[in-house]
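A.B. asks: Give me a 3D structure for the following:
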Amino acid sequence: MKQSFKSFWVVACLVVLSAAGCGKREGWRKDTLGYTRNAEVLIFSAPWCTVCNHEIPEVHYLLNADAQDLNKHIKVTIHVVSDIDKRPPNATAVEEYQRILYETEGVDFGMAADPWMYKTYRQYFKWTGGGVPGAVILDSNRAVVKKFEPGSDFDAHDIFEAMKSAVSEPEARE
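C.D. replies: Here you go, the predicted model:
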């Protein structure tokens with residue numbers, strides 16, 4: 001009798017723990033990490049911009065080194081601005097820039113030419129001649145969560161912290 005009673009409690013405990021989701025990696029990660037939202041990051045850059053060419057690999061490194069898998073909740077796109085006289089910006093130059101960043105730094109972010117006189121850039125920033133770098137964090141509804149104005153004093157760590165805030169639980173956001 002004692003043996004079957006003991007077995008009953010062991011089985012009962014296992015059933016309760018299984019029903020509660022214990023041991024399931026997904027349940028543990030969501031509760032512990034708080035990354036419950038998705039976000040998009042637009043980084044405005046140019047191949048000739050030395051600051052951009054330093055910050056983009058740093059953002060890539062921080063995003064992929066994050067032990068909490070932040071990169072599963074963030075989509076980063078580099079919007080490449082080019083000579084204003086090129087209408088639309090040269091897609092071949094964008095592909096070359098993407099190839100160089102990938103081969104030299106391992107950066108695998110999506111890239112797009114910013115078409116027709118900085119159209120995307122002008123959606124988020126006042127036109128002052130097209131300064132770079134600039135960055136915008138968008139939530140899953142494409143509402144602006146944070147903007148880093150071109151010419152302002154921001155770096156890859158600022159972008160990284162804004163990304164984490166954008167995908168965290170609402171009470172953890174700024």
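A.B. asks: Quick one: low-confidence residue ranges for this protein.
C.D. replies: 1-34, 67-68, 82-90, 115-117, 130, 169-174 (pLDDT under 70).
A.B. asks: Could I get the full set of helices for it?
C.D. replies: Counting by DSSP state H, the chain has helices at residues 2-19, 25-33, 50-65, 91-105, 115-124, 156-167.
A.B. asks: Any buried residues in the third one, and which?
C.D. replies: It stands for helix 50-65. Residues C52, N53, E55, I56, P57, E58, V59, H60, L62, L63 are the ones in helix 50-65 that count as buried (16 or more other Cβ atoms under 10 Å). Using the backbone N, CA and C atoms, a C-beta is placed for each residue, glycine as well.
A.B. asks: can you list contacts of it?
C.D. replies: Helix 50-65 is contacted by residues 41, 43, 45-47, 70-71, 74, 76, 78, 101, 105-109, 132-133, 155-157, 159-160, 163 when judged by Cβ atoms under 8 Å, 6 or more residues apart in numbering.
A.B. asks: what do you get if the cut-off is 7 Å, keeping everything else the same?
C.D. replies: 43, 45-46, 70-71, 74, 76, 78, 101, 105, 107, 109, 132-133, 155-156, 159-160 (Cβ atoms under 7 Å, 6 or more residues apart in numbering).
A.B. asks: partners of the nearest residue to A112 once chain neighbours are set aside in the sheet?
C.D. replies: Spatially, and ignoring its direct neighbours in sequence, A112 is nearest to H79 (5.6 Å; Cβ to Cβ, 6 or more residues apart in numbering). Under DSSP bridges, the beta-bridge partners of H79 are F44, A112.
A.B. asks: Hmm, H79 is touching T120, no?
C.D. replies: Yes: between H79 and T120 a contact is recorded at 5.3 Å, counting by Cβ atoms under 7 Å.
A.B. asks: where do the contact lists of those two overlap?
C.D. replies: Common contacts of H79 and T120, defined by Cβ under 7 Å, 6+ apart, comprise D114.
A.B. asks: Between the two, tell me which one has more neighbours.
C.D. replies: Applying other Cβ atoms under 10 Å to H79 and T120 shows that H79 carries more neighbours, namely 26 against 18.
A.B. asks: biggest separation within the buried residues of helix 50-65, which pair?
C.D. replies: N53 and L63 (16.8 Å; Cβ to Cβ).
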